[in-house]
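Asks: Below: sequence and its predicted model.
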Amino acid sequence: MAKHILSPLPGTFYRKPAPDKPNFKNEGDLIAIGDVIGIIEVMKSFNEVKTDQAGKIAKFLTDNEEPVMAGQPLLELS
Amino acid sequence: MPIRKLLIANRGEIAVRIIRAAKELGVKTVQVHSLADQESLAVKMADEAVNIGPPHAAKSYLNIEAILNAAKSTGADAIHPGYGFLAENANFADAVVAAGLIFVGPNGHAIRTMGDKVAARVAAEKAGVPVVPGSGGRIDDQVEARMIAGRIGFPVMIKAAAGGGGRGIRIAASMEEFERLVPQASAEAQAAFGDGGLYIERVINNARHIEVQVLGDGKHAVHCFERECSLQRRRQKVWEEAPSPVLPDDIRAKLCASAVALTEAVNYSGAGTIEYLYDDTSKEFYFIEMNTRIQVEHPVTEMITGIDLVREMIRIAGGEPLRFKQSDIKKSGHAIEVRINAEDPAKDFMPGPGTISNLRIPGGMGTRFDTLLYDGYQVPPFYDSLLGKLIVWDETREQAINRLQRALSELNVGGLKTTKTLHQVLATDSDVRKANFHTRWLEGWLEANAIRLKEVDAT
């Protein structure tokens, strides 16, 4: 079964630190445990999403600025 | 022309508040909402509801075109912006009027003038309102900057002319430090905002935040006395009261008169708030800014004056002149509002949404709870964490705090963590009881009382 990074919080998912900045991570990137892959905005507070697994990003399952629920997969590792 | 159908371009407790005022005036209501707010209390209470887009505010509550389309399709003749979102967006106010509708608030010009820091300061000075001693405008020349700093006295605050939200602010305690910080501040402002212009102001230490509620009809203005909102965390007010517990009557009269002068000087229409810093020691007050909208903490003013501010806003927008002369407006007793937020005081105020259960709302004399909650409601994660405002009134401040403690003990919000415990501990604090605080007081108190807040949470 494919490995997923799950959203730790409900809120709005952002893939970049600011609208005019590049994405934290892109498909094909290698990630280590503790890497920041995005930000979740919950009630106007911004929380970094750090990975709890290492691997290579196969694809993002949640787009930039998309609403997410806690436990929802954000990306798939290959 | 009186308003017949009012569209509410906001959400949460303030949308509920506006619907109530409209109903009492016999005005029909249209609640616009995002996909995440379909089950909100405001949607259930309004006569009609229109979905204007996805949860993200930029795609719904900030979408001017979608809001104007909703007004058109429902036949609304006026729009109330509430607070936050588009409430102080001058282009929105202009667009509402250009669409042939009434904007419940001042015109775009007044919003623009008061929204620009330098223009607002100039308007205040012209109206004879004291401002924080400073450069009065941008300074691009460093020799001039040194001269002005020497004149206004240290410590001084160096701010980016193009900045906002506290960004790029530096404090210099001496000329030596000032000379070192000015080039840094200018370079940073240039990089962040593309404009290296600075302005400088004297730092007012241990200041209190005092603000005056005003109502204007475009020709005349009145004040409804002041509120004190010195208890703040990260520049967010958490506890507000009216009147200020420390203002002598002669200073109160001067402060309120200055607010009326400024309101009339800009031909202001609607409800507004003029904010000041107040120096308890020198008894001097300084204009900071004007908020051209209804404010979160407006109920404390309503409780001491008996005036329904939101209803007055709707009447004024409908073309009625002010219904009060200044001498008609009296204050009585003391009111306190505490903000019940979906935040955990035991975990550094981490916000967290949830599904509401076992809701018990306090009641009894002098007790009011303005909220968006009902049992079973799922608080969405997309907006700010304000769940409700507990407001109490009593004859004296001491009795009002006692009543606040009684009301807090009745309040129960199950399903998530709230700031109720913070207010319970604050209400027992001797400095709070003596009103011995300033705008930076609460942050220090929170550090000193972190353990206590965890213990309260555990009981």
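Replies: Great, that's in hand.

Asks: switch to C-alpha atoms for all contacts and neighbour counts from now on
Replies: Noted.

Asks: interface residues of chain B facing chain A?
Replies: Taking C-alpha under 8 Å from any C-alpha of the partner chain as the criterion, chain B approaches chain A at residues B:55, B:56, B:351, B:352, B:353, B:381, B:382, B:383, B:384, B:385.

Asks: State the phi and psi torsions of the second one.
Replies: Backbone torsions for residue B:56, taken as degrees, to the nearest 10, come to phi -50, psi 120.

Asks: quick one on the thing from earlier: could you dump the residues of chain B next to chain A into CSV with secondary structure, neighbour count and pLDDT added?
Replies: Written out in CSV, the entries for the residues of chain B next to chain A read as follows (DSSP: H, G, I helix; E, B strand; the rest coil; neighbours: other C-alpha atoms under 10 Å in any protein chain shown; pLDDT from 0 to 100):
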residue, secondary structure, neighbour count, pLDDT
B:55, coil, 23, 94
B:56, coil, 19, 92
B:351, strand, 23, 92
B:352, coil, 22, 92
B:353, coil, 22, 93
B:381, coil, 26, 95
B:382, coil, 22, 95
B:383, coil, 21, 95
B:384, coil, 15, 92
B:385, coil, 24, 95
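
Asks: Which one of the residues you listed is nearest to residue B:341?
Replies: Using C-alpha to C-alpha, residue B:385 is the member of the residues of chain B next to chain A that sits closest to residue B:341, with 5.1 Å.

Asks: is it true that the closest one touches residue B:341?
Replies: Yes. Taking contact to mean C-alpha atoms under 8 Å, the distance of 5.1 Å between residue B:385 and residue B:341 places them in contact.

Asks: excluding its backbone neighbours, what's nearest the residue sitting nearest the centre point of chain B?
Replies: Centre of chain B computed as the mean C-alpha position; nearest residue by C-alpha atoms, centre = their mean is residue B:295, 4.1 Å away. Of all residues not flanking residue B:295 in the chain, residue B:83 sits nearest, at 6.3 Å (C-alpha to C-alpha, 6 or more residues apart in numbering or on different chains).

Asks: quick one: low-confidence parts of chain A?
Replies: Scanning chain A for pLDDT under 70 picks out A:1.

Asks: quick revisit: assumed the residue nearest to the centre of chain B was part of a helix.
Replies: No. According to DSSP: H, G, I helix; E, B strand; the rest coil, the state of residue B:295 is coil, so it is not within a helix.

Asks: starting at the chain centroid, how far to the longest helix seen in chain B?
Replies: For chain B, the helix that runs over the most residues, judged by DSSP state H, is helix B:175-193. In terms of C-alpha atoms, centre = their mean, to the nearest Å, the gap separating the centre of helix B:175-193 from the centre of its chain is 31 Å.

Asks: any idea how far residue A:5 is from residue B:123?
Replies: If you measure residue B:123 against residue A:5 using C-alpha to C-alpha, to the nearest Å, the figure is 54 Å.

Asks: Which of these two has more residues huddled nearby?
Replies: Regarding residue B:123 and residue A:5, a neighbour count based on other C-alpha atoms under 10 Å in any protein chain shown identifies residue A:5 as having more, with 22 against 17.

Asks: Helix or strand: which one has the more buried one?
Replies: Following DSSP states H and E, the helix or strand that holds residue A:5 is strand A:3-6.

Asks: buried sites along that strand?
Replies: A:4, A:5, A:6 (16 or more other C-alpha atoms under 10 Å in any protein chain shown).

Asks: Could you give me the buried positions within stretch B:424-440?
Replies: By neighbour count, and taking 16+ other C-alpha under 10 Å as the criterion, the buried residues in stretch B:424-440 are B:424, B:426, B:427, B:437, B:438, B:439, B:440.

Asks: oh sorry, the question was meant for stretch B:75-87
Replies: Neighbour-count burial for stretch B:75-87 flags B:76, B:77, B:78, B:79, B:80, B:81, B:82, B:83, B:84, B:85, B:86, B:87 (criterion: 16+ other C-alpha under 10 Å).

Asks: what does stretch B:240-249 give?
Replies: For stretch B:240-249, the neighbour count (16+ other C-alpha under 10 Å) marks B:240, B:241, B:242, B:243, B:244, B:247 as buried.

Asks: tell me the mean pLDDT for it?
Replies: In this model, stretch B:240-249 has an average pLDDT of 98.

Asks: Run through who's touching that stretch.
Replies: Contacting residues not belonging to stretch B:240-249 are listed as B:210, B:225-231, B:280, B:297, B:300-301, B:304, B:334-338, B:397, B:435 [C-alpha atoms under 8 Å, 6 or more residues apart in numbering or on different chains].

Asks: what about the residue of chain A found nearest chain B, distance to residue B:237?
Replies: Nearest to chain B in chain A, going by C-alpha to the nearest C-alpha, is residue A:43, at a distance of 4.5 Å. In this structure, residue A:43 and residue B:237 are separated by 16 Å, where distance is defined by C-alpha to C-alpha.

Asks: Tell me which of the two has more neighbours.
Replies: When residue A:43 and residue B:237 are compared for neighbours, residue A:43 comes out ahead with 23 against 18, by other C-alpha under 10 Å.

Asks: The residue nearest to residue A:9 when sequence neighbours are not counted: what secondary structure?
Replies: Excluding the flanking residues, the one nearest residue A:9 by C-alpha to C-alpha, 6+ apart is residue A:70, at 4.4 Å. In terms of secondary structure, residue A:70 is coil; the call rests on three-state DSSP.

Asks: ok, residue A:70 - how many residues close by?
Replies: Taking other C-alpha under 10 Å as the neighbour definition, residue A:70 ends up with a count of 11.

Asks: in its sheet, what does the strand holding residue A:5 sit against?
Replies: strand A:73-77 (antiparallel) (DSSP bridges).

Asks: mind listing what's buried in the partner strand?
Replies: Residues of strand A:73-77 classed as buried: A:73, A:74, A:75, A:76, A:77 (neighbour count, 16+ other C-alpha under 10 Å).

Asks: ok, the fourth one touching residue A:5?
Replies: The one in question is residue A:76. Yes. Distance between residue A:76 and residue A:5: 6.5 Å, which falls inside the contact criterion (C-alpha under 8 Å).

Asks: hang on, residue B:52 packs against residue B:68?
Replies: No. Taking contact to mean C-alpha under 8 Å, the distance of 10.0 Å between residue B:52 and residue B:68 leaves them out of contact.

Asks: chain center to whichever helix or strand comes after the strand holding residue A:5, what's the gap?
Replies: Using DSSP H and E, the helix or strand that follows strand A:3-6 in sequence is strand A:11-14. Centroid displacement of strand A:11-14 relative to its chain, using C-alpha atoms, centre = their mean, is 9 Å.

Asks: cool, stretch B:59-68 as well?
Replies: Average the C-alpha atoms of stretch B:59-68, do the same for its chain, and the two points are 22 Å apart (C-alpha atoms, centre = their mean).

Asks: got a list of what the residue of chain A closest to chain B touches?
Replies: The contact partners of residue A:43, by C-alpha under 8 Å, 6+ apart, come to A:11, B:351, B:352, B:353, B:381, B:382, B:383, B:384, B:385.

Asks: would you turn these into JSON lines with distance to residue B:367?
Replies: Formatted as JSON lines, these follow (distance: C-alpha to C-alpha, whole Å):
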{"residue": "A:11", "distance to residue B:367": "33"}
{"residue": "B:351", "distance to residue B:367": "26"}
{"residue": "B:352", "distance to residue B:367": "27"}
{"residue": "B:353", "distance to residue B:367": "26"}
{"residue": "B:381", "distance to residue B:367": "28"}
{"residue": "B:382", "distance to residue B:367": "29"}
{"residue": "B:383", "distance to residue B:367": "26"}
{"residue": "B:384", "distance to residue B:367": "24"}
{"residue": "B:385", "distance to residue B:367": "22"}
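
Asks: Looking at those, which is nearest residue B:149?
Replies: When the contacts of residue A:43 are compared for distance to residue B:149 (C-alpha to C-alpha), residue B:384 comes out closest, at 38.7 Å.
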